[in-house]
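Peer 1: predicted model and sequence below, questions to follow.
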Amino acid sequence: MRLPLRLFLLSLAFIELGAQEHPVPRLAVIITVDQMRADYLGRFAPYFGEGGFKRLLTTGADFQNCHYRHAVTKTAPGHATIGSGVHADVHGIIGNEWLDRTSFLQGNAVEDAASPLVGLVRSLTRYPNATMAAKAGRSPRNFLGVTVGDQLKARYGADAKVFGVADKDRSAILPVGRKADGAYWTEEGIFVTSTFYRPELPDWVKDFNAHHNAASHYGDIWDRLLPASVYEAVQGPDDAPGEEVSSGLTATFPKRVASKSGRPDGEFYGAFDRTPWNNEMVAAMAQQLIGAERLGQDDIPDLLAVGFSQPDSMGHAYGPDSHEAFDSYLRLDRTLAAFFGFLDAQIGPGRWVAVLTADHGVARLPERVQTETGQANAAGRIAARDLDLWVNQALDQAFGPLPAALFWTYRDNSSYHLNPRALAAKELSPDRVAAELSAALVRHPMVGAAYTRSQLTMNGPLDAMGEMVRRSFNPARSADVLFVEKYNFQMRAAGTTHGTPHDYDTHVPQVWFGAGVKPGVHPEPVAVEDIAPTLAALLGVELPPEARGRRLF
């Protein structure tokens, strides 16, 4: 063999060795903590153990300045973006639920009447509204994007396994995409799936439900792990104005998880969803799935998305400055430590990779902000009915009152659809009425900005907030006018919420750990849509098409 050819082949060998310096992990795990603000990692850090959050932070890559770049920071859009690297303008998941633009009936992000639930033995007739009643069917059919899981299946077919596990249906379904082998979530305190994935629950899930279910915690007491004085020093008082008292739970610790009926029912399951035992059940289910489906047991990479939804249910009620929030994260820290230890034992250290993130953050209780600032106008609550009255009166004044039994708008979360019948009755163009509606909204003392369909579909640039709203806007599904509440203002009567482009809703963790990850702290700005390209690179698969993020390492 000639020397140049031998040198060429030798150089190829060295290139191949370099490419294999970080072997493809056998299992990748996306861990999404619902409603986890990025600042929790610093605030609660002194009280974490060694194997959970602290292990991630000290031996992983911590991207501390991670934000969502879309405006509607809610659970379903967040999970869809995490898995695909695109926003609602592409993946179509504009909210947790939305009004159909033709019928104006509300539907769920993962609603699918053609895919009935599997594993739920009782009917859900106790749910009075359309969104909940639609739980008779669930699938990813409304999701228009492509996920890393989809790309993994496209490359390896059945040899690569892709699953989602969470308390919420949308958290289990959306991050893994349309080609996943399965998704499991809880209804009535047990894990279920739908016929989109399989006709019946596998035996291992039935066995899990028999031994690990919410009902086994009926009557249990949730109390603090540490002395109350520690919680008061970190978070302030336990009983705070503005907290939501519901589901039979008291506003302060300790909390007995039960119901007025004396048996597990809707009130009990609502209370259970707020307790850390919910996270423990999800983690146990994830471990059971890894073993039963043999994830990470060969050289073909697998993907598992795990969604911890309890911090969201708890956070809505008590807020980020509560004793409940602090205790939930202390307990989740222990749950993660046990889960990581299981992955080490089952898959092997250095053979799995995980990314920790959140689907959105959360606002503080308005009453807490008012107390700390001493200013009543620093935060507040918007009564949705009053806002509806405000805009409809403005349209009456601009165009004259409508005939009896007609109305101008349908409100859909933080947006308004125009009523076609009203436009026809007044012979008005949608653009003209939308412009007047938008102007009326920004005159409201608690509304910060509003954008019309015409503005969001035009090619010209918008201000920074408008560009975030544009990424959340899907022409086929979104309303005619979208608005943003002012900073620290929200449309919720008690507790707190999220869903805005403000930093308390967009700033979330992004911490990587495991195979192919170099430890370090990264203060530079990154985005949640960077997760999918980075994960695709680690797994050695094609980037999801239209993904807008960048590979971080």
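Peer 2: Done, it's in. Values in this document were obtained by computation on a predicted structure and should not be read as measured data.

Peer 1: any regions of the stretch 101-250 of the chain where pLDDT drops low?
Peer 2: Applying pLDDT under 70 to the stretch 101-250 of the chain flags residues 122-135.

Peer 1: now do the helices in it.
Peer 2: All helices of the stretch 101-250 of the chain, identified by DSSP state H, counting those that start in this stretch, fall at 130-133, 148-156, 169-173, 203-211, 228-235.

Peer 1: make TSV from those and add distance to I221 to it.
Peer 2: Bear in mind the C-beta positions are built from the backbone N, C-alpha and C, glycine included. TSV is the format used below for the helices of the stretch 101-250 of the chain (distance: least, Cβ to Cβ, whole Å):
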stretch	distance to I221
helix 130-133	29
helix 148-156	39
helix 169-173	27
helix 203-211	22
helix 228-235	15
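
Peer 1: which one of those is the most hemmed in?
Peer 2: For those, the largest average neighbour count (mean count of other Cβ atoms under 10 Å) is found in helix 169-173, namely a mean of 31.

Peer 1: touching, F63 and L552? I think so.
Peer 2: Yes - contact criterion Cβ atoms under 8 Å: F63 and L552 qualify, at 6.8 Å.

Peer 1: name the residues contacting each of these two.
Peer 2: Shared contacts of F63 and L552 (Cβ atoms under 8 Å, 6 or more residues apart in numbering): W512, H522, V526.

Peer 1: mind checking which of those are in strands?
Peer 2: Here DSSP state E is the test, and the shared contacts of F63 and L552 give W512, H522, V526 as lying in strands.

Peer 1: what's the local residue count around the second one?
Peer 2: By other Cβ atoms under 10 Å, 17 other residues sit near H522.

Peer 1: give me phi/psi at the residue nearest to it when sequence neighbours are not counted?
Peer 2: Counting by Cβ to Cβ, 6 or more residues apart in numbering, the nearest residue to H522 once its immediate chain neighbours are dropped is F63, at 4.7 Å. Dihedral pair for F63: phi -90, psi 100, per degrees, to the nearest 10.

Peer 1: name the spans of the chain whose pLDDT lies under the cut-off.
Peer 2: Low-confidence segments of the chain (pLDDT under 70): 1-22, 122-135.

Peer 1: mind giving me the domain ranges of it?
Peer 2: 27-361+503-539, 383-445+447-485 (automatic domain parsing).

Peer 1: quick one: terminal-to-terminal distance for the shortest one?
Peer 2: Between the start and the finish of domain 383-445+447-485 there is a gap of 12 Å, counting by Cα to Cα, to the nearest Å.

Peer 1: do the same with stretch 180-194
Peer 2: So stretch 180-194: terminal residues 12 Å apart, Cα to Cα.

Peer 1: cool, stretch 172-190 as well?
Peer 2: End-to-end distance for stretch 172-190: 14 Å, by Cα to Cα.

Peer 1: chain center to that stretch: distance?
Peer 2: With Cα atoms, centre = their mean, to the nearest Å as the basis, stretch 172-190 stands 13 Å off its chain's centre.

Peer 1: do stretch 546-553 as well
Peer 2: Distance of stretch 546-553 from its chain centroid, counting by Cα atoms, centre = their mean, is 19 Å.

Peer 1: report the buried residues of it.
Peer 2: Of all the residues in stretch 546-553, those buried under the rule 16 or more other Cβ atoms under 10 Å are A547, R548, G549, L552.

Peer 1: could I get these as JSON lines with distance to Q151?
Peer 2: Listed next are the buried residues of stretch 546-553 as JSON lines, based on distance: Cβ to Cβ, whole Å:
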{"residue": "A547", "distance to Q151": "10"}
{"residue": "R548", "distance to Q151": "16"}
{"residue": "G549", "distance to Q151": "14"}
{"residue": "L552", "distance to Q151": "18"}
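
Peer 1: and the residue nearest to R26 when sequence neighbours are not counted, what is it in contact with?
Peer 2: Leaving aside its sequence neighbours, R26 sits nearest to G296 (Cβ to Cβ, 6+ apart; 4.0 Å). Applying Cβ under 8 Å, 6+ apart to G296 gives the contacts P25, R26, L27, I290, D302, Q346, I347, R351, W352.

Peer 1: K168: which of these is nearest?
Peer 2: Minimum distance to K168 across those is 20.1 Å, recorded for I290 (Cβ to Cβ).

Peer 1: and that closest one, how many neighbours?
Peer 2: Neighbours around I290, by other Cβ under 10 Å: 26.

Peer 1: that one is in what secondary structure piece?
Peer 2: Element membership for I290, per DSSP states H and E: helix 277-292.

Peer 1: surely F272 meets N213?
Peer 2: No - if you go by Cβ under 8 Å, F272 and N213 don't touch, sitting 9.8 Å apart.

Peer 1: shared neighbours, the two?
Peer 2: The contact sets of F272 and N213 overlap at G189 (Cβ under 8 Å, 6+ apart).

Peer 1: so for the two, which sits in the more crowded spot?
Peer 2: For F272 versus N213, neighbours defined as other Cβ under 10 Å are more numerous around F272 (29 against 17).

Peer 1: find the nearest non-adjacent residue to the more buried one, please.
Peer 2: A214 (4.5 Å).

Peer 1: OK, contacts around that neighbour?
Peer 2: A214 makes contacts with T186, E188, G189, I190, P264, F268, Y269, F272, W277, N278, M281, as judged by Cβ under 8 Å, 6+ apart.

Peer 1: greatest separation within those residues: which pair is it?
Peer 2: Within the contacts of A214, E188 and W277 form the most distant pair, 15.3 Å apart (Cβ to Cβ).

Peer 1: quick revisit: ok, and the most crowded of the contacts of G296?
Peer 2: For the contacts of G296, the largest neighbour count, defined by other Cβ under 10 Å, is 28 neighbours, found at D302.

Peer 1: these two touch, right, that residue and L295?
Peer 2: Yes - the pair D302 / L295 is scored as a contact, 4.4 Å apart, by Cβ under 8 Å.

Peer 1: where do the strands sit along the stretch 401-550 of the chain?
Peer 2: 409-411, 415-418, 447-452, 481-485, 489-490, 510-514, 520-527 (DSSP state E, counting those that start in this stretch).

Peer 1: export the ones you listed as a markdown table, with columns for distance to K161.
Peer 2: Converted to a markdown table, the strands of the stretch 401-550 of the chain look like this (distance: least, Cβ to Cβ, whole Å):
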| stretch | distance to K161 |
| --- | --- |
| strand 409-411 | 42 |
| strand 415-418 | 38 |
| strand 447-452 | 42 |
| strand 481-485 | 39 |
| strand 489-490 | 40 |
| strand 510-514 | 18 |
| strand 520-527 | 28 |
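
Peer 1: indicate which one of the ones you listed is closest to T357.
Peer 2: T357 lies closest to strand 510-514 among those, at 5.1 Å (Cβ to Cβ).

Peer 1: which residues touch the closest one?
Peer 2: Under Cβ under 8 Å, 6+ apart, the answer for strand 510-514 is 25, 41, 55-57, 59-63, 66, 350, 352-357, 526, 528, 530-531, 534, 552-553.

Peer 1: and that strand with strand 520-527, angle?
Peer 2: For strand 510-514 against strand 520-527, the angle by axes from the mean of the first three to the mean of the last three Cα atoms, to 10 degrees is 130 degrees.
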